[in-house]
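Chemist: Got a predicted structure plus its sequence, pasted below:
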Amino acid sequence: MTKLVVGPFNRVEGDLEVSLTVADGVVQRAEVNAPLYRGFERMLLGRDPRDALVITPRICGICSISQSAAAASALAGAMGLVPTPAGAAMAALIHAAENVADHLTHFHLFFMPDFARPDYAGRPWHDRAVERFTAMEGSAQRTAVAARAELLHVMGLLAGKWPHTLAIQPGGVTRAPGLREKARLGSTLRAFRRYLEEVVFGGPLEEFAALETPEALMRWGRGDVGLFLEIAADLELDAMGRGSGRYLSYGAYSLAEGPVFAAGVWDGVLRPVDTGAIVEDLSHAWMAGPPAHPFEGQTEPDEMMAEPGYSWCKAPRLGGLGYEVGALARQVVDGHPLARAMAGGGVLARVAGRLLELARTQEVMERLVAGIVPGADYMASGKVPREGRGVGLVEAARGALGHWLRIEGGRVAGYQIIAPTTWNFSPRDGAGVPGPLEAALEGVAVDGPGALAVQHVVRSFDPCMVCTVH
Amino acid sequence: MTTMLWLQAAGCGGCTMSLLCAESPGMVEMLEDAGIRMLWHPALSVQTGAEVIGLLEDVAEGRVALDILCVEGAIARGPGGTGRFQMLSGTRRSLMQWVERIAPRARHVVAVGTCAAFGGVTAAGGNPSDAVGLQYDGGLQGGLFGAEWRSRSGGPVINVAGCPTHPGWVTETLMLLAAGEALALDGYARPRFYADHLVHHGCPKNEFYEYKASARELSEIGCMMENLGCIGTQAVGDCNIRPWNGEGSCTRGGYPCINCTAPQFEDPAHAFVETPKIAGIPVGLPTDMPKAWFMALASLSKAATPERIGQNAKADRVVVPPTLRRPK
């Protein structure tokens, strides 16, 4: 038995430390530590509830819009307000643009550079991986950064700036687009489609989104996606870091007619999400207090950082169970045949889920722009009540994000946030059951000091640690 | 060749995300063209774990020369001054300790974003993590480092404040430092090339401002100073001169400037999107204009508001176009 601490764990958003117990070259036990505490939930107490729209996006610079959308939705719930249909559609477009940008960032900047490491020299694909994905130098990285910056012109047009906008409000959006904006957005999206089809996928997005089986996926063979699939086959990435097969999604992009990607939990059967059954367990977090539903939950840091705590991250459980969240979870819950066929999979399934969503969301964004009607009503107005509560449930790039807000005397009396990576990178609960990443790491081979397989598994979740510990 | 190291302290990482939005040139090309070699960046570099710890030790011990240290995020000093609210993973040391060791080795120290400069949102609402900026604690001199602290070049910490920073503020600061130019700083050590401007400059709502034709609710296109908390007339930044993300800015997006380049913007003592008033008169008028004059001009211009401006201010788009001036 040897102990191995991996950190600083970079190319993830925020601070992460992974402690491994290794025997015979295989991980026996993993403990995931989120080593940063800022206390956002405490900062909000006593404030004007509308301030949540300024404060919570600043939890995270990469999921900023998701935090905005969840805060706006929690406020709308407390206000008894429903966004106008046109306002909801623009909020969805802004949100989708962020999620797509995040998927692109993850694939090119965070995940793929590991395959350009000299450890893989001699593999038939290594020279191409070096040319395309070497950190800060690879040709694919450069074009991805440029394409992302151009896609985020959607934010300049609709949301003022990115990250950290106040454009998304409980009743809709602050800026009403006209015909000129519609034309400009359309042209930005056409450029982005051209980039995705010519460079990332090497073929029509609809053709990729229509793939139904893992076998068909592995035969794709085009673009940088093809290079990834070739690597995945060679390194058997599907067997690496397999998941529990239990997935949760709150449903993405809430429109007047319902979410674009469906809500639910999946463990072989699809069921509705019962958020009343969510409990945050603090037994292994440096937090004081009993297990609680987020409406009752508190954030009381244990400044002694005493054992058995080992992380600032709480352990959310739904009906007593941990759930994996993210693009794969969303696509499984939405019923996409390829995602369903890959449910329970490891590194390959998670990355493929993100690529599938990248292809599908382009069409969603184009549809939202085509539906822009100049002169429509983009904002409903309302008042924040003296007493009330609201829940905001959205899908960030990395998965299910919830805000639970209580208002008393016109001020914030309770604000609890469960972020996607809080689910995925949760520590053990009171029964000693590990979180999804901890479980996925058990059995992974540790070869050499870099423990590259461990790095692939961790990054396949696309963790956002700053959201996790808010 | 200029060497640069980037550390992420207690913050959201949004200034890096914003920096990746740099265009013409993009971030990677800018660094190359300016002759800047990134020793390590937590979100962008390949090295992880032991590879990084070795590098950080080399820099801290002076074995690798460091020209520019960029710190993004505030310094969490808690609990009890230990810095343990942010441990640099894998090192058993707090990020605070690492910054204390490395900063004296750097020729220039750049605080990227309002958190690193002043504490920012990380220090909001009672400051649960006891966060400060590198050389400021809110608006007071002296943060992690004292007021007299100087980097190897003899300058104070350069505060590229903003929440987030505009990519151009960061790239231009780095280009100027790499070129050996003396960077003029304002009273809060912010680069004057952007801090000499107000967000008000170039704001598309200027005509509404001239007549105090005000929006009553978010989504109306009138001036947001009177009712909606906008402090663009006092906030420094060239946000409406150079656009964000193509052609945006906060006020262009239809929401107020919340003064994010300033110390203590995070706790304004009123709701961000509501202008505090005494007897119906907004408090916090432009800083460099006599109050009586402002009031006199405001009531005059309000009385003189043309119909077009008054109607448009309360709509979510231009409903009355300008009157055409026909050539004689």
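Modeler: Received the coordinates, thanks.

Chemist: only C-alpha atoms for contact and neighbour calcs from this point on.
Modeler: Fine.

Chemist: Can you measure across stretch A:168-177, start residue to end residue?
Modeler: With Cα to Cα, to the nearest Å as the measure, stretch A:168-177 spans 14 Å from end to end.

Chemist: okay, and the helix or strand of the chain with the least pLDDT?
Modeler: Picking chain A for this. Taking mean pLDDT, DSSP states H and E as the measure, the helix or strand of chain A with the lowest value is helix A:465-469, at a mean of 82.

Chemist: looking at chain B here, not the other one
Modeler: Lowest-scoring helix/strand for chain B, mean pLDDT, DSSP H and E: strand B:281-282, at a mean of 83.

Chemist: pLDDT wise, what is the residue in chain B that chain A sits nearest to at?
Modeler: Using Cα to the nearest Cα, the closest approach of chain B to chain A is made by residue B:14 at 3.4 Å. On pLDDT, residue B:14 comes in at 98.

Chemist: Quick check: the gap between it and residue B:266.
Modeler: Distance of residue B:14 to residue B:266, computed by Cα to Cα: 16 Å.

Chemist: ditto for residue B:105
Modeler: As judged by Cα to Cα, residue B:105 and residue B:266 stand 31 Å apart.

Chemist: Just the residues contacting the least confident helix or strand of chain A, thanks.
Modeler: Applying Cα atoms under 8 Å, 6 or more residues apart in numbering or on different chains, the set of residues contacting helix A:465-469 from outside is A:12-16, A:34, A:36-39, A:59-60, A:63, A:312-313, A:418-422, B:11-13.

Chemist: which residues does residue B:230 contact?
Modeler: By Cα under 8 Å, 6+ apart, the contact list for residue B:230 reads B:224, B:255, B:256, B:257, B:258, B:273, B:275.

Chemist: ok, and which of those reach chain A?
Modeler: Among the contacts of residue B:230, the residues lying close to chain A (Cα under 8 Å from any Cα of the partner chain) are B:255, B:273.

Chemist: Please convert the contacts of residue B:230 to JSON lines, extending it with neighbour count and distance to residue A:227.
Modeler: Listed next are these as JSON lines, based on neighbours: other Cα atoms under 10 Å in any protein chain shown; distance: Cα to Cα, whole Å:
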{"residue": "B:224", "neighbour count": "31", "distance to residue A:227": "51"}
{"residue": "B:255", "neighbour count": "29", "distance to residue A:227": "44"}
{"residue": "B:256", "neighbour count": "25", "distance to residue A:227": "46"}
{"residue": "B:257", "neighbour count": "26", "distance to residue A:227": "45"}
{"residue": "B:258", "neighbour count": "22", "distance to residue A:227": "45"}
{"residue": "B:273", "neighbour count": "23", "distance to residue A:227": "48"}
{"residue": "B:275", "neighbour count": "20", "distance to residue A:227": "55"}
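
Chemist: circling back: my guess is the residue of chain B closest to chain A contacts residue A:163. True?
Modeler: Yes - the pair residue B:14 / residue A:163 is scored as a contact, 6.4 Å apart, by Cα atoms under 8 Å.

Chemist: anything in contact with each of those two?
Modeler: Common neighbours of residue B:14 and residue A:163 (Cα under 8 Å, 6+ apart) are A:61, A:62, B:164.

Chemist: ok, so what distance separates the first one from chain B?
Modeler: Spelled out, that is residue A:61. 3 Å (Cα to the nearest Cα, to the nearest Å).

Chemist: Tell me the pLDDT of that residue.
Modeler: For residue A:61, the predicted pLDDT is 95.

Chemist: Name the nearest residue to it, sequence neighbours excluded.
Modeler: Excluding the flanking residues, the one nearest residue A:61 by Cα to Cα, 6 or more residues apart in numbering or on different chains is residue B:14, at 3.4 Å.
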